[in-house]
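A.B. asks: just to be clear, the model below is a prediction. Sequence and coordinates:
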Amino acid sequence: MANDCCGSQPPAPEPVKPGTRMVKCVKIGKELPGLDRVPWKGELGQRIYENVSKDAWKMWVEYSKMLMNEYRLNPLDPNSQKIMEEQMEQFFFGEGAKLPEGYVAPKAKG
């Protein structure tokens, strides 16, 4: 019971509804429910749609919030969008996205 807290385990998967589109997730390495729509423009968005699960996309969304804050990116700025696209490519299909230089993770509460 000692490991029940602190997020050491991924959340239990939700039951899969019949007819759910499944993908072999490149990030998690399992057959999981896929995204409902293409999440990004262009070829990268299509690759993500075909190869990334909803669970992995949630991981990206949390990671992208940190990137936006650390790099002080503006989602409407084309240069910021290019940085996010490069990071997204690395996060899902590369060796993992790099943390911003000098980034210090926030201390866990508790």
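C.D. replies: Done, it's in.
A.B. asks: for the rest of this, base every contact and every neighbour count on C-alpha atoms.
C.D. replies: Noted.
A.B. asks: elements contacting the helix ranked longest in the chain?
C.D. replies: Using DSSP state H, we find that the single longest helix of the chain is helix 54-71. Packing partners of helix 54-71 (3 or more Cα pairs under 8 Å, 6 or more residues apart in numbering; DSSP states H and E): helix 78-93.
A.B. asks: in the helix it packs on, what's buried?
C.D. replies: By neighbour count on 16 or more other Cα atoms under 10 Å, the buried set for helix 78-93 is 80, 84, 85, 87, 88, 89, 91, 92, 93.
A.B. asks: what's in contact with the longest helix of the chain?
C.D. replies: For helix 54-71, contacts defined as Cα atoms under 8 Å, 6 or more residues apart in numbering pick out 25, 27-28, 32-35, 73-74, 84, 88, 91, 99-100, 103.
A.B. asks: in terms of pLDDT, where does the residue most central in space within the chain sit?
C.D. replies: The centroid of the chain falls nearest to residue 60 when counting by Cα atoms, centre = their mean (1.7 Å). Here, the pLDDT recorded for residue 60 equals 96.
A.B. asks: circling back to that earlier point, nearest to residue 48 among the buried residues of helix 78-93?
C.D. replies: residue 92 (7.8 Å; Cα to Cα).
A.B. asks: these two touch, right, the closest one and residue 25?
C.D. replies: No - using Cα atoms under 8 Å, residue 92 is not in contact with residue 25; the gap is 9.2 Å.
A.B. asks: what touches both of these two?
C.D. replies: Here residue 92 and residue 25 have residue 52 as joint contacts, going by Cα under 8 Å, 6+ apart.
A.B. asks: please name the nearest non-neighbouring residue to residue 33.
C.D. replies: With sequence-adjacent residues excluded and distances taken as Cα to Cα, 6 or more residues apart in numbering, residue 33 is closest to residue 22, at 4.4 Å.
A.B. asks: now do the one you found, the pLDDT please.
C.D. replies: 96.
A.B. asks: returning to that earlier point: and the buried residues of helix 78-93, which two are the farthest apart?
C.D. replies: 80 and 93 (19.7 Å).
A.B. asks: wait, doesn't the residue nearest to residue 33 sit right on residue 36?
C.D. replies: No - Residue 22 is beyond contact range of residue 36, at 10.3 Å (criterion: Cα under 8 Å).
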